[in-house]
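Peer 1: after the sequence you'll find the predicted model.
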Amino acid sequence: MDFLTLIQVLDSTVRLATPLLLACLAGLYSERAGIFDIGLEGKMLMAAFFSAAIAASTGNVWLGLLAGIGSSLMLAALHGVASITFRGNQLISGVAINFLAAGLTVLIAQDWFKQGGRTPSLLSGGRFEGLEWPFAIGPQDAEATGQPVSQLMKDANPVQQVYSELLSGHSILVYLAFLAVPATWWLLYRTRFGLRLRAVGENPAAVDTAGVSVVGLRFAAVAICGLLCGIAGAYLATALQAGFVKDMTAGRGFIALAALIFAKWRPWQAMWACLLFGLLQAISLRFQNIELGPIVVPVQAMDALPYILTVVILAGFVGKAIPPRAGGEPYVKER
Amino acid sequence: MEKMPKWADVVLIPLISLALAAGLSALVILAIGEDPIAAVKLMVDGALGSSYGWGYTLYYATNFMFTGLAVAVAAHAGLFNIGGEGQAMLGGLGVAVICLFIPWPHWTLALLFATLGAGLFGAAWAAIPAYLQAKRGSHIVITTIMFNFIAAAVLNYVLVNVLKPASSMDPASARFSETVHLPSLHELLAPLGIAFSKSAPANVSLLVAILACLAVWLLIWRTSLGFEIRSLGKSEAGARYAGISPVKITIIAMMISGALAGMMAINNVMGEAERLVLNATEGAGFIGIAVALMGRNHPFGVFLAAILFGFLYQGGAELALWTKIPRELIVVIQALVILFTGALDNMVRIPLEKIFLAFRKEAN
């Protein structure tokens, strides 16, 4: 494997890690506030459909993004009402949201576009295009020299390869996702809101005694979760791919959940976990069975690896993952 | 004092939840420009109007009885087993191994051992998350979700690299031999002089499923193990004080749950496909959650709810065939049932309790 191949795998790692990272941070806000969310998958799927549908019919990707976020927020609100207002079972609510999204997206897609549960392919303008950084090798250079981009990239020096292939050329949502990591760290550990949010996931009674609304904080956390899942879904349908297809999230919401546990509910570690799981996806996309000397690692093992790693971490064999203490329990005043 | 009579809790709340789910589904059908009343008529005709329709309804119901019972048994122990899908996949592997590699003289023996094999594989797949929950404190919901994905990868690997006949492109096992063919309801009912559709897939597994309902009822309410399972589900501290080992009961309850989910495979793998295919479970493991919630974790409730969902599945297939309504409508209905009977239970329960309390005050 040469240097350029490595850079290309890392480049696709970044692309594939982005939706995981956004969903993982979404889950981080929710679970840090004591609301378990196994409905990340459903919210992403709903946002993926609505962003693609609106982007396809208006030709404006930003309206699509807004529609995606809006639809994800609706499901987040449903989760909030069920698990905060009516103190229902948060896990069951998450399961219901996943199925609701899986069913409704195909139902509406079929009704609107009649293409077997998919949206039309998005043309330019309906998609988030890659941002070319200054001095990066891009289509303009290809036109100027009359050689394809891939050939130019091959001839360039390693620094330029890293700069043009790995750093430049992603859509704005990729950079947004990675900026969300320090932003989340700052919000959680350096602001009053963050302190309260973490406290409400550990000991809601104490927050309540201090005169801060438990319900308000938890709804705020669930709303942030909806926002981030919305961006994640929109990225899937309008940047990573061009349009919505049935069940296109393909378990990414659960991989994000796995990454969240892997990271022990901390933002920087969440980024590394998502990059690791993104790398696994990138490798299994690029290579089929991997030969390590005499042993052949089948592609299915690569698919299962994020889940196996999560179980190992959960089991506490390699550093124990302890969730926020009040997670999953509805808060009742005056016990 | 009970706030509500028992019948209201057991019958009224599920019915109101179901009515809410049905009402919303009707709105969804209206929104996509179809007539809900015509749709219901078509579903009833298609699923219950002929012995062919019944054959499919009961076939699906058999799957859902097993997976519903699996969720219910775990729920009695206070555990949420979301891994029925993976356990049912592994059960399919168990059935395939038993049917492919042992020359059975008669289907009765084959069915007996296939049921055991399916149960054993399912139980083993549930045992690992159960052990991790009981001993290492890892959350059973997350581990069983992860095990669903791992099961899918395992099945994919085994089908492509081990069980697939060399001559075939399709990731599926070879066809089982004729001797392990399970009699369909047509073959079972013909000697009794009852004509039943030949082409419907409902088979003798339905009887096994009904037996399983009875067995679970006996287990939960008529044995000391069942008592221990229920005590653990009500209060872990209480159970511990009564000398019940939470570790032991957690593992046993989850293994029974996994075995029940795995046993679904005698219906879909042995009874219908007669070979192991990729994604043989078709989401039945998840429908078990809705079935158990709807049936209030009682085997009889699970039996009724499984038939209801069997009807929805077959009716939904008919809708997809004759109207513009896609099959995914069923997924929406399933989501709404889970939402109303599970997550939004208090939304129905609290006003209802208030009404009953008001009536009681007036009566006094």
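Peer 2: Perfect, I can see it now.

Peer 1: number of residues surrounding residue 69?
Peer 2: Answering for chain A, as no chain was given. 22 (other C-beta atoms under 10 Å in any protein chain shown). Where you see a C-beta, it was placed from the backbone N, CA and C, and this is true even at glycine.

Peer 1: my bad, chain B
Peer 2: 34.

Peer 1: mind listing the helices in chain A by residue range?
Peer 2: Assignment of helices within chain A using DSSP state H yields the ranges A:3-32, A:40-58, A:61-80, A:90-113, A:139-145, A:149-155, A:158-161, A:172-190, A:192-202, A:204-209, A:214-235, A:252-262, A:267-286, A:299-314.

Peer 1: can you redo those helices as a markdown table with distance to chain B and mean pLDDT?
Peer 2: Listed next are the helices of chain A as a markdown table, based on distance: least, C-beta to the nearest C-beta, whole Å; pLDDT from 0 to 100:
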| stretch | distance to chain B | mean pLDDT |
| --- | --- | --- |
| helix A:3-32 | 11 | 92 |
| helix A:40-58 | 9 | 94 |
| helix A:61-80 | 8 | 95 |
| helix A:90-113 | 3 | 92 |
| helix A:139-145 | 39 | 75 |
| helix A:149-155 | 32 | 76 |
| helix A:158-161 | 34 | 79 |
| helix A:172-190 | 21 | 95 |
| helix A:192-202 | 15 | 93 |
| helix A:204-209 | 18 | 91 |
| helix A:214-235 | 13 | 95 |
| helix A:252-262 | 6 | 89 |
| helix A:267-286 | 11 | 89 |
| helix A:299-314 | 4 | 83 |
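
Peer 1: now these in a markdown table, with distance to residue B:231?
Peer 2: Listed next are those as a markdown table, based on distance: least, C-beta to C-beta, whole Å:
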| stretch | distance to residue B:231 |
| --- | --- |
| helix A:3-32 | 30 |
| helix A:40-58 | 34 |
| helix A:61-80 | 32 |
| helix A:90-113 | 22 |
| helix A:139-145 | 69 |
| helix A:149-155 | 66 |
| helix A:158-161 | 64 |
| helix A:172-190 | 40 |
| helix A:192-202 | 29 |
| helix A:204-209 | 28 |
| helix A:214-235 | 31 |
| helix A:252-262 | 30 |
| helix A:267-286 | 39 |
| helix A:299-314 | 26 |
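
Peer 1: deepest of the ones you listed, which one?
Peer 2: Scoring the helices of chain A by mean neighbour count under mean count of other C-beta atoms under 10 Å in any protein chain shown gives helix A:40-58 as the most buried, with a mean of 30.

Peer 1: what parts of the stretch 101-250 of chain B come near chain A?
Peer 2: Neighbours of chain A within the stretch 101-250 of chain B, by C-beta under 8 Å from any C-beta of the partner chain: B:128-129, B:132, B:136-139, B:141-143, B:145-147, B:149-150, B:153-154, B:156-157, B:160-161.

Peer 1: what subset of the residues you listed is buried?
Peer 2: By neighbour count, with 16 or more other C-beta atoms under 10 Å in any protein chain shown, those hold B:128-129, B:132, B:138-139, B:141-143, B:145-147, B:149-150, B:153-154, B:156-157 as buried.

Peer 1: distance of residue B:50 from residue B:241?
Peer 2: Distance from residue B:50 to residue B:241, counting by C-beta to C-beta, to the nearest Å: 56 Å.

Peer 1: more neighbours: which of these two?
Peer 2: Comparing residue B:50 with residue B:241 by other C-beta under 10 Å, the one with more neighbours is residue B:50, at 13 against 10.

Peer 1: contact partners of stretch A:5-16?
Peer 2: A:161-162, A:165-166, A:170, A:174, A:240, A:275, A:278-279, A:281-283, A:285-286 (C-beta atoms under 8 Å, 6 or more residues apart in numbering or on different chains).

Peer 1: could you do stretch B:175-188 as well?
Peer 2: B:55, B:58, B:96, B:99-100, B:103-107, B:110-111, B:114, B:196-198, B:200-206, B:266, B:270-271, B:274-275.

Peer 1: nearest residue to residue B:106 other than its sequence neighbours?
Peer 2: Take residue B:106 and drop its neighbours on the chain: the residue closest to it by C-beta to C-beta, 6 or more residues apart in numbering or on different chains is residue B:179, 6.8 Å away.

Peer 1: tell me the one of the contacts of stretch A:5-16 nearest residue A:207?
Peer 2: Distance to residue A:207 across those (C-beta to C-beta) is lowest for residue A:275, with 33.2 Å.

Peer 1: now that closest one: closest residue in space that isn't a chain neighbour?
Peer 2: In space, residue A:275 is closest to residue A:17, 4.9 Å off (C-beta to C-beta, 6+ apart).

Peer 1: isn't that neighbour right up against residue A:280?
Peer 2: No. Counting by C-beta atoms under 8 Å, residue A:17 does not reach residue A:280; the two are 10.0 Å apart.

Peer 1: what's the helix or strand for the closest residue to residue B:256 other than its chain neighbours?
Peer 2: Distance criterion C-beta to C-beta, 6+ apart; nearest residue to residue B:256, sequence neighbours excluded, is residue B:73 at 5.3 Å. Assigned by DSSP states H and E, residue B:73 belongs to helix B:51-76.
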